[in-house]
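K.L.:
Need a 3D model of the sequence below.
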Amino acid sequence: MSIFERFRTAGGNRKDVCAFARVSERDEFMRLLLGVILGFFLTVGFAYVYDISTTHPSERTAQTSAVQRPMVNWDVVSVNWQGWSLHVRNTWNKLATR
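P.N.:
All right, here's what the predicted structure looks like:
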């Protein structure tokens with residue numbers, strides 16, 4: 001039975017036709033969470049690819065007048081990530097010893 005036949009046989013009850021399209025609040029939250037996580041990784045990934053594809057200061061010729069700087073200072077990101085992961089690891093170890 002097609003969707004249109006279900007609509008006709010239901011006497012025009014639109015609620016019956018769209019019953020298969022209902023999404024629970026949990027599903028909506030999971031979609032939102034997945035979208036945020038995917039967006040984060042895409043943003044960081046594209047910034048990384050952009051920075052890799054731009055010329056580095058040591059490779060620049062004297063003819064270019066515009067200074068091309070990377071979007072992200074990856075050295076700072078690395079230091080911050082290591083500090084955060086060390087903090088999480090220490091916190092986990094404290095919780096695990098209890």
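
K.L.:
quick one: least confident helix or strand in the protein?
P.N.:
The weakest-scoring helix or strand in the chain, judged by mean pLDDT, DSSP states H and E, is helix 14-17 (a mean of 50).

K.L.:
What strand or helix carries V72?
P.N.:
Of the helices and strands defined by DSSP states H and E, none includes V72.

K.L.:
which residue packs closest to it, ignoring adjacent ones?
P.N.:
Closest residue to V72 apart from its sequence neighbours, by C-beta to C-beta, 6 or more residues apart in numbering: A47 at 5.2 Å. (C-beta placed from N, C-alpha, C; glycine too.)

K.L.:
before we move on, the earlier item: any idea which helix or strand comes after the least confident helix or strand of the chain?
P.N.:
Next helix or strand after helix 14-17 toward the C-terminus (DSSP H and E): helix 25-53.

K.L.:
helices and strands around that following helix, which ones?
P.N.:
Contacting helix 25-53 under the criterion 3 or more C-beta pairs under 8 Å, 6 or more residues apart in numbering; DSSP states H and E is no other helix or strand.

K.L.:
quick one: average pLDDT of that helix?
P.N.:
Helix 25-53 carries an average pLDDT of 90.

K.L.:
right, and the helix or strand after that helix?
P.N.:
Taking DSSP H and E, what comes next after helix 25-53 is helix 74-97.

K.L.:
now what about that following helix, what contacts it?
P.N.:
Helix 74-97 has contacts (C-beta atoms under 8 Å, 6 or more residues apart in numbering) with Y48, D51.

K.L.:
just stretch 48-55 next, same as before
P.N.:
By C-beta under 8 Å, 6+ apart, the residues outside stretch 48-55 that reach it are Q68, P70, M71, V72, W74.
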